[in-house]
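> sequence-free structure coming up:
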């Protein structure tokens with residue numbers, strides 16, 4: 001999607017503006033999906049989300065700015081529908097004491113998908129036409145929906161009605177809980193870094209003379225380290241979750257700051273990008289454990305919908321800043337700002353309880 005947006009829009013600044021607009025759609029989705037779930041039930045909401053993803057898969061390969069924006073908006077909203085339903089299903093089934101062990105395994109599985117996806121998407125687009133990777137995306141979404149509904153992973157539960165499902169009603173309570181606030185901010189910071197990598201990483205590769213296929217391969221290789229999340233969790237076990245996150249944020253920020261210094265050495269740019277993804281995978285090893293341990297069981301569904309806004313906050317913040325920054329500065333400024341902010345976030349890890 002970033003490479004398609006770059007082809008259609010022409011430069012990194014306009015790509016930033018595009019993803020900023022899509023993030024606003026995602027934020028609206030995060031706040032309205034819980035109401036839809038209450039009105040339709042988890043199963044129908046999952047089917048609606050899948051239909052939106054398939055609709056996005058049909059629109060985006062038409063390769064116009066209008067269809068790209070419309071398709072990306074449908075995809076983003078559909079993803080939230082499915083994600084909220086599945087996330088609540090996970091919290092219903094996993095005991096709280098198991099979250100610290102469950103999250104690295106879940107992140108490893110997510111990493112497998114992100115490792116295959118970018119390279120495969122670009123390769124299918126080049127070899128079979130732009131429609132092919134989006135067709136695969138739609139088929140995968142249908143497969144997930146079929147499995148979740150057929151295997152009983154996503155089931156309907158009685159609710160108090162759509163009015164009580166409005167996450168804005170729970171936002172004040174979420175904000176009043178320091179550990180939920182901390183969990184949200186740390187995860188939003190992690191999301192922000194990966195958004196920068198997936199949006200601007202391929203662009204910096206192309207600007208350094210590499211092909212779209214190589215850029216897609218770099219994006220795929222960048223997530224290989226996430227599959228080692230269970231290993232990182234065990235290696236960092238002696239220092240706990242706080243030590244893991246502090247080390248990950250500092251190391252990732254330092255390596256990201258080095259990227260603009262690579263200058264006209266394209267291979268060094270790629271090496272630094274990949275090195276930064278390794279240190280960022282240390283942060284991913286913590287997953288959503290902070291939130292899962294902090295949330296009260298009777299508020300899981302409502303608080304999960306508020307917590308889910310971290311994804312679009314992780315896009316809106318950086319993309320909003322970088323849309324303006326790129327008017328004046330070159331692309332390297334994006335990585336300078338990202339690296340400095342990532343190091344700054346490490347200071348907040350001192351508020352994580354030692355027993356975590």
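Cool, the structure landed. Model, not experiment: these values are computed from the prediction. Numbers count the residues shown, from 1 in each chain.
> check which element follows the least confident helix or strand in the chain by mean pLDDT along the chain.
Evaluated with mean pLDDT, DSSP states H and E, the helix-and-strand set of the chain has its lowest mean pLDDT in helix 300-307, which scores a mean of 74. Per DSSP states H and E, the first helix or strand lying C-terminal to helix 300-307 is helix 310-328.
> buried ones in that next one, by neighbour count?
Residues of helix 310-328 classed as buried by neighbour count (16 or more other CB atoms under 10 Å): 310-323, 325-326. C-beta: built from backbone N, CA, C; applies to glycine.
> list the helices and strands it packs on?
Under the contact definition 3 or more CB pairs under 8 Å, 6 or more residues apart in numbering; DSSP states H and E, helix 310-328 sits against helix 12-40, helix 178-207, helix 332-345.
> the inter-axis angle of that helix versus helix 332-345?
140 degrees (axes from the mean of the first three to the mean of the last three CA atoms, to 10 degrees).
> contacts for helix 310-328, please.
With contact meaning CB atoms under 8 Å, 6 or more residues apart in numbering, helix 310-328 is reached by 11-13, 16-17, 19-20, 22-24, 26-27, 30, 184, 187-192, 194-196, 199-200, 333-334, 337-338.
> can you give me the helices for the stretch 1-150 of the chain?
2-9, 12-40, 42-59, 65-93, 99-128, 131-150 (DSSP state H, counting those that start in this stretch).
> name the helices or strands packed onto the longest one?
In this structure, helix 99-128 makes packing contacts with helix 131-150, helix 212-221, helix 229-235, helix 266-284, helix 289-294, judged by 3+ CB pairs under 8 Å, 6+ apart.
> again, only this time at 6 Å
Counting contacts by 3 or more CB pairs under 6 Å, 6 or more residues apart in numbering; DSSP states H and E, helix 99-128 packs against helix 131-150, helix 212-221, helix 229-235, helix 289-294.
> can you redo these as CSV with mean pLDDT, distance to residue 306 and mean neighbour count?
Listed next are those as CSV, based on pLDDT from 0 to 100; distance: least, CB to CB, whole Å; neighbours: other CB atoms under 10 Å:
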stretch, mean pLDDT, distance to residue 306, mean neighbour count
helix 131-150, 94, 23, 17
helix 212-221, 85, 30, 20
helix 229-235, 85, 25, 18
helix 289-294, 83, 10, 22
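> for residue 276, which of these is the nearest?
helix 212-221 (11.4 Å; CB to CB).
> for that closest one, name the packing helices and strands.
helix 99-128, helix 178-207.
> contact partners of it?
Applying CB atoms under 6 Å, 6 or more residues apart in numbering, the external contacts of helix 212-221 come out as 3, 115, 118-119, 122, 126, 201-202, 205-206, 270, 274.
> go on, stretch 243-258?
Counting by CB under 6 Å, 6+ apart, 236, 272, 275-276, 279-280, 282-283, 286, 335, 338-339, 342-343, 345-346, 349 sit against stretch 243-258.
> ok, now with 8 Å
Here stretch 243-258 makes contact (CB under 8 Å, 6+ apart) with 186, 189, 193, 232-233, 236, 239, 272, 275-276, 279-283, 285-286, 335-336, 338-346, 349-350, 352.
> how about that stretch: buried residues?
Those would be 244-253, 255-258, for stretch 243-258 by 16+ other CB under 10 Å.
> pLDDT, distance to residue 173 and secondary structure added to those residues, as JSON lines?
Compiled in JSON lines, these are given as follows (pLDDT from 0 to 100; distance: CB to CB, whole Å; DSSP: H, G, I helix; E, B strand; the rest coil):
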{"residue": "244", "pLDDT": "91", "distance to residue 173": "28", "secondary structure": "helix"}
{"residue": "245", "pLDDT": "93", "distance to residue 173": "25", "secondary structure": "helix"}
{"residue": "246", "pLDDT": "94", "distance to residue 173": "28", "secondary structure": "helix"}
{"residue": "247", "pLDDT": "94", "distance to residue 173": "32", "secondary structure": "helix"}
{"residue": "248", "pLDDT": "95", "distance to residue 173": "29", "secondary structure": "helix"}
{"residue": "249", "pLDDT": "96", "distance to residue 173": "28", "secondary structure": "helix"}
{"residue": "250", "pLDDT": "96", "distance to residue 173": "32", "secondary structure": "helix"}
{"residue": "251", "pLDDT": "96", "distance to residue 173": "35", "secondary structure": "helix"}
{"residue": "252", "pLDDT": "96", "distance to residue 173": "32", "secondary structure": "helix"}
{"residue": "253", "pLDDT": "96", "distance to residue 173": "32", "secondary structure": "helix"}
{"residue": "255", "pLDDT": "95", "distance to residue 173": "38", "secondary structure": "helix"}
{"residue": "256", "pLDDT": "95", "distance to residue 173": "35", "secondary structure": "helix"}
{"residue": "257", "pLDDT": "94", "distance to residue 173": "38", "secondary structure": "helix"}
{"residue": "258", "pLDDT": "93", "distance to residue 173": "42", "secondary structure": "helix"}
